[in-house]
Each structure stands twice: as structure tokens, then as C-alpha cells.
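Enquirer: test case, fold it:
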Amino acid sequence: MFFCDYPIIRNERELPLYLLNMGQQHCQDHIIRTEGYPCPQILYCTKGGGTLLLDGKTIPIPPFTAVFMPAHYPHEYYTDKDVWDVHWVVPAGYAAEDILKHFGLSQPSVFKLREIKTLEHIFRKMHEAIRSDSVFGNYKASGYLYDFLIEFYRIISDK
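Expert: Numbering: from 1, shown residues only. From the prediction side, this is the model:
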């Protein structure tokens, strides 16, 4: 499965936090970003496996692993299996950096996720909102983005 939602951004840019894009790749391509990506990203693996190259380190990304990458941070990643199911969410907005920082997301980080059922449910709701309503879908998806970030924080901070 592959999809990438780049919603048509209108007045959502005025929101403190909105969903810039999201997607899922069943077998992630080799990505090299020498200048990083223009916005922060949260990626997580549901099956298969890949490798993240970051700050000269090689980091395996097996299932139930997430990566937070700040904006403009150089990195590279690629699959090392036949399948590497990767989901990504890209938040934006004038408060995105502060909200992410509040959740402890300011530096590149790799997290082991114990369970992702609720996270996946919210991810699907964002995707469905964008696909089902071309006028207000991104507003709905941006509302779900708050839920996604809160659930992500709960999972990564759960001891």
C-alpha cells in the first residue's frame, strides 16, 4: 500500500498547528536528505525493517519503532527487507515547534513503541478526513493531528 496525502492548504495556514502531509509506504524508497526536510516529521514502522543514517550512526528501524526528525536535519533512510511499512506525519503551523517541544520532540530521536493500535486508528482518521472532504477535510485532519501527537507522546513517555 502506498499513499501520500498533500491536502490543499488554504486558511489552515492560520492555525497554530495543521497537517501539512501524511502517508504510508509499503516498501520505503531510499531517501537521502543532505539538507533535511523543511518541516519536522514523525515516522513509524509497522512491519519489515529499515535503516536510518543519522549523525554518522547506523540505526536499525524494526517494527514498532518511531523516529522524530526535526526540520532541516540531515538524514538518510532505506529498507533492508522486502517490506518496510512506514507511516509518516508532517505537522506545520506557527506553534508546531513549541507544541512538539512540549512533547519532548526537539532533537532527532528513535523510540520503541509498545503498542500502536490507537495511534494507527488516529492516523487512519486523519487520512479518511482528507480523502472524504475536500473543503473541510484538512481542518478535521488537523484536529486529529492533536490527538495523534498526544497519543504519540503517551506511548513514548509511558514507562
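
Enquirer: show me where this protein has helices.
Expert: 96-102, 117-132, 137-157 (DSSP state H).

Enquirer: buried residues in the longest one?
Expert: Translated: helix 137-157. Residues of helix 137-157 classed as buried: 137-145, 147-149, 151-153, 155-156 (neighbour count, 16 or more other Cβ atoms under 10 Å). For every residue, glycine as well, the C-beta is placed using N, CA and C.

Enquirer: also the second one?
Expert: By neighbour count with 16+ other Cβ under 10 Å, helix 117-132 contains the buried residues 119, 122-123, 125-127, 129-130.

Enquirer: and the furthest pair within the residues you listed?
Expert: 119 and 130 (17.3 Å; Cβ to Cβ).

Enquirer: before we move on, the earlier item: pLDDT and distance to residue 75 added to the buried residues of helix 117-132, as TSV?
Expert: TSV is the format used below for these (pLDDT from 0 to 100; distance: Cβ to Cβ, whole Å):
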residue	pLDDT	distance to residue 75
119	97	22
122	98	25
123	96	21
125	97	28
126	95	23
127	94	24
129	94	29
130	91	26
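
Enquirer: would you convert these into CSV that also reports distance to residue 39?
Expert: Listed next are the buried residues of helix 117-132 as CSV, based on distance: Cβ to Cβ, whole Å:
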residue, distance to residue 39
119, 19
122, 19
123, 17
125, 21
126, 16
127, 18
129, 19
130, 17
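
Enquirer: from residue 12, how far off is the residue of the chain most remote from its centre?
Expert: Within the chain, the residue lying farthest from the chain centre (Cα atoms, centre = their mean) is residue 135, at 23.1 Å. Using Cβ to Cβ, to the nearest Å, one obtains 11 Å as the distance from residue 135 to residue 12.

Enquirer: now swap in residue 96 and tell me
Expert: From residue 96 over to residue 12 the distance is 12 Å, taken as Cβ to Cβ.

Enquirer: also residue 116?
Expert: 26 Å.

Enquirer: pull the contacting residues for residue 37.
Expert: 69, 71-73, 90 (Cβ atoms under 8 Å, 6 or more residues apart in numbering).
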